[in-house]
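> coords below, sequence missing:
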């Protein structure tokens with residue numbers, strides 16, 4: 001738990017580090033060793049956390065390369081010595097490093113001191129960067145300052161290199177090529193607080209996110225789905241302030257949140273999909289007279305709002321089946337009604353107006369597919385995340401055009417299928433199958449070139465493949481372009497520690513630019529973050 005906590009600690013502030021790739025001959029190779037912590041209480045999680053933070057600050061594509069932490073750890077284990085007794089020159093040569101960086105954190109009460117040393121392995125003089133602070137909360141900013149000093153002394157990197165002058169020339173920005181957010185992979189280093197915003201910590205797991213004009217004032221709100229509660233937040237000045245909340249008395253857990261104005265009354269409804277013991281009991285909420293009320297209760301439909309090529313924003317629904325004793329062979333076939341239908345508002349509920357037109361694809365259900373014309377040939381593609389967590393692309397004739405070789409993980413949202421049936425004559429407990437739901441996908445024109453891209457979540461599992469209980473070490477968002485034969489990555493966010501539970505891409509602040517808003521589930525034992533379990537992060541997708 002401590003190890004997970006320390007990684008979260010670093011990732012919430014710096015979030016992510018660059019990929020490890022073959023270096024060119026002029027690239028400087030850096031190795032950041034674990035920090036030594038001198039404290040009167042257990043603060044060991046800070047060691048690797050600050051190690052990861054420096055990794056991200058000192059990585060500059062084409063100029064520097066950071067040795068991965070696991071390679072550093074393996075080398076320390078091989079040498080069999082403590083950090084104090086390690087021969088840094090020997091270690092640096094074996095790692096192929098130009099510089100090794102060590103650090104010590106000493107705390108007394110709430111104050112701290114920080115000492116960072118940079119050892120040149122081949123040539124040059126050692127430098128030391130030191131800092132002190134009266135509050136442990138200031139440690140991150142001091143590490144950031146220290147990284148800037150190292151960048152300046154060794155690599156000539158200064159804050160002025162972020163080119164603020166270009167931001168004062170909007171005409172040149174409009175004419176230039178679209179480039180992603182600076183925190184996304186393979187682009188300019190530096191992690192300014194202007195680059196993204198982060199909410200306060202939530203003490204519960206975020207089940208789902210939605211963005212829409214819930215109160216009808218012309219501005220979008222953020223809807224947060226928790227286990228048995230829904231909360232609405234206004235977004236202003238990069239902060240979230242609560243507008244309303246709704247708690248369900250029956251405590252049936254939610255597995256997904258969608259937001260859209262389907263009943264056409266000028267206010268977006270909140271569709272909450274809920275399942276208990278294999279039975280669907282979904283509800284729809286609407287903001288009226290200053291509070292959230294339920295306009296539909298105990299619906300037997302699972303909900304998903306999707307932008308369909310032929311009809312735009314559409315509410316889809318799917319019912320569940322009771323299954324059989326052989327359901328563990330094919331969960332989707334025996335537990336989901338094959339019909340995925342369009343739902344429309346009738347005045348007192350949402351009813352089916354017919355099935356959507358989609359070929360029969362084994363393993364397809366409401367939450368693991370999306371439709372979109374990615375190659376602009378007039379016929380949409382069907383993107384499916386299968387039970388192996390691989391991405392598949394199908395044509396509208398049902399032909400599989402592509403299957404990924406890597407897995408993309410799932411979320412921590414699950415449906416418990418085939419629960420124990422009490423009172424059955426055989427008194428034999430049927431096998432329990434937990435179906436973990438894949439993350440949301442989106443097909444949008446992010447780059448503004450008239451061609452739509454696929455946006456997906458990749459959560460990296462930290463639990464055994466056969467484990468019934470899922471856990472994830474980190475997650476990221478990847479933007480793919482469809483070539484007609486394969487999905488080619490265009491950019492990706494750096495790794496976020498934890499599990500990305502949901503995301504939205506909409507203009508949250510009404511500035512004319514799309515925003516990427518993520519819900520990230522983290523650990524509960526991050527004391528510095530006041531026991532936060534989840535957090536919401538936001539990035540503007542405007543031209544950089």
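All right, it came through fine. All values reported here derive from a predicted model rather than from experimental measurement.

> shouldn't residue 535 be within a strand?
Yes: checked against DSSP: H, G, I helix; E, B strand; the rest coil, residue 535 lies within a strand.

> tally of neighbours for it?
Neighbour count for residue 535, taken as other C-beta atoms under 10 Å: 22. To be clear about C-beta, it is placed using only N, CA and C from the backbone, and glycine gets the same treatment.

> OK, contacts around it?
Residues near residue 535 by C-beta atoms under 8 Å, 6 or more residues apart in numbering: 12, 198-202, 519-520, 522, 529.

> next one: residue 205
226-227, 412, 501, 521, 533-534.

> now, which of those lie within strands?
501, 521, 534 (DSSP state E).

> which parts of this protein are helices?
With helices called from DSSP state H, the chain shows them at 2-13, 45-58, 69-79, 88-95, 139-155, 164-167, 170-175, 331-335.

> quick one, the fifth one and helix 45-58 angle?
Per axes from the mean of the first three to the mean of the last three C-alpha atoms, to 10 degrees, the angle that helix 139-155 makes with helix 45-58 is 40 degrees.

> which other residues reach helix 139-155?
Applying C-beta under 8 Å, 6+ apart, the external contacts of helix 139-155 come out as 13, 28, 46, 50, 53-54, 57-58, 60, 63-64, 99, 101, 105, 112, 114, 116, 118, 127, 129, 131, 133, 157-159, 191.

> so how far is that helix off the chain centroid?
27 Å (C-alpha atoms, centre = their mean, to the nearest Å).

> ok so, going back, any chance of the contacts of residue 205 in TSV, plus distance to residue 88, pLDDT and neighbour count?
Formatted as TSV, those follow (distance: C-beta to C-beta, whole Å; pLDDT from 0 to 100; neighbours: other C-beta atoms under 10 Å):
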residue	distance to residue 88	pLDDT	neighbour count
226	48	93	21
227	49	83	13
412	41	91	18
501	42	96	28
521	38	93	25
533	39	86	20
534	40	93	22
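
> distance to residue 309 added to those residues, as CSV?
Converted to CSV, these look like this (distance: C-beta to C-beta, whole Å):
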residue, distance to residue 309
226, 33
227, 34
412, 31
501, 27
521, 32
533, 38
534, 33
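
> relative to residue 211, which of the residues you listed is nearest.
residue 501 (14.7 Å; C-beta to C-beta).

> that closest one and residue 413 touch, don't they?
Yes: under the criterion of C-beta atoms under 8 Å, residue 501 makes contact with residue 413 at 6.9 Å.

> mean pLDDT per helix and strand in the protein: which one sits at the bottom?
Here the helix or strand of the chain ranked lowest by mean pLDDT, DSSP states H and E is helix 164-167, holding a mean of 33.

> and of the helices of the chain, who's closest to residue 460?
Among those, the nearest to residue 460 by C-beta to C-beta is helix 2-13 (11.5 Å).

> list the buried ones in stretch 361-376?
By neighbour count with 16 or more other C-beta atoms under 10 Å, stretch 361-376 contains the buried residues 361, 363-375.

> first-to-last residue distance for it?
One end of stretch 361-376 sits 22 Å from the other (C-alpha to C-alpha, to the nearest Å).

> state the mean pLDDT of that stretch.
Mean pLDDT, computed over stretch 361-376, is 95.

> ditto for stretch 285-298
Stretch 285-298 comes out at a mean pLDDT of 96.

> in that stretch, what's buried?
285-287, 292, 295-296.

> now swap in stretch 219-239 and tell me
Neighbour counts over stretch 219-239 (16+ other C-beta under 10 Å) mark 220-226, 228-235 as buried.

> any idea which of the residues you listed the model trusts least?
Ranked by pLDDT, the buried residues of stretch 219-239 bottom out at residue 228 (86).

> spatially nearest residue to it (excluding sequence neighbours)?
Closest residue to residue 228 apart from its sequence neighbours, by C-beta to C-beta, 6 or more residues apart in numbering: residue 251 at 4.8 Å.

> do me a favour and get the end-to-end distance for stretch 498-514?
Distance between the two ends of stretch 498-514: 24 Å, counting by C-alpha to C-alpha.

> swap in stretch 53-63?
The first residue of stretch 53-63 is 18 Å away from its last residue (C-alpha to C-alpha).

> for stretch 26-36, same thing?
End-to-end distance of stretch 26-36 (C-alpha to C-alpha): 31 Å.

> from the chain's centroid, how far away is that stretch?
27 Å.

> tell me the mean pLDDT for that stretch?
Averaged over stretch 26-36, pLDDT sits at 86.

> which positions within it qualify as buried?
Applying 16+ other C-beta under 10 Å to stretch 26-36 flags 27-35 as buried.

> residue 239 versus residue 197, what's the distance?
According to C-beta to C-beta, to the nearest Å, residue 197 stands 8 Å off from residue 239.

> cool, and residue 514?
From residue 514 over to residue 239 the distance is 20 Å, taken as C-beta to C-beta.

> again with residue 474
Counting by C-beta to C-beta - residue 474 and residue 239 are separated by 26 Å.

> do you know how far the nearest residue to residue 515 once chain neighbours are set aside is from residue 448?
Counting by C-beta to C-beta, 6+ apart, residue 508 is the residue found nearest to residue 515 once chain neighbours are left out, at 4.3 Å. With distances taken as C-beta to C-beta, residue 508 is found 18 Å from residue 448.

> those two - which one has more neighbours?
Ranked by neighbour count (other C-beta under 10 Å), residue 508 and residue 448 place residue 508 first, with 21 against 10.

> is it true that that one touches residue 234?
No: with contact defined as C-beta under 8 Å, residue 508 does not reach residue 234; the gap is 10.6 Å.

> list the residues that contact both of the two?
Residues touching both residue 508 and residue 234 (C-beta under 8 Å, 6+ apart): none.

> what about residue 498, how many neighbours?
By other C-beta under 10 Å, 26 other residues sit near residue 498.

> quickly note the distance from it to residue 535.
8 Å.

> okay, and the common contacts of the two?
In contact with both residue 498 and residue 535: 520, 522, using C-beta under 8 Å, 6+ apart.

> one step back: let's see which of the buried residues of stretch 361-376 end up in strands.
Of those, the ones assigned to strands by DSSP E are 369-372.

> circling back: any idea which of the helices of the chain scores lowest on pLDDT?
Ranked by mean pLDDT, those bottom out at helix 164-167, with a mean of 33.
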